[in-house]
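Enquirer: Structure for the following, please:
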Amino acid sequence: MSGGVALVQGPWIRVAEVLVEGNATLPAVVVQDQVDALGRSILFVDVAGVAQRVATLPRVESATVARVLPRQVRVTIVERQPWAVWS
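Expert: Next up is the predicted model:
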């Protein structure tokens, strides 16, 4: 039993990096702040919940989140396109 707990709670499966893809104008750090997964066990990252939180950002149309073992969470976003540009 203790071996299983050590596997699930060990440092080798804690999220060390949040990779953001698809962002052209939105800074990656803004998305990373919404993810809030650094240091947590990758097994317990709620990918659906994270995708919903990221999708609430005003410049994000949609978001998908995936666990990349052993220590990365990948967030792929589609940014909203402006309907008008002021120059």
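Enquirer: contacting residues for residue 24?
Expert: residue 79 (CB atoms under 8 Å, 6 or more residues apart in numbering). Where you see a C-beta, it was placed from the backbone N, CA and C, and this is true even at glycine.
Enquirer: so it, which of the three states?
Expert: For residue 24, the secondary structure call by DSSP: H, G, I helix; E, B strand; the rest coil comes out as coil.
Enquirer: Distance of it relative to residue 75?
Expert: To residue 75, residue 24 is 14 Å away according to CB to CB, to the nearest Å.
Enquirer: Kindly report the same for residue 68.
Expert: Between residue 68 and residue 75 the computed distance is 11 Å (CB to CB).
Enquirer: ok, now which ones touch the closest residue in space to residue 39 that isn't next to it in sequence?
Expert: Closest residue to residue 39 in three dimensions, ignoring its sequence neighbours and counting by CB to CB, 6 or more residues apart in numbering: residue 14, at 5.6 Å. For residue 14, the contacting residues are 39-42, 71, taking CB under 8 Å, 6+ apart as the criterion.
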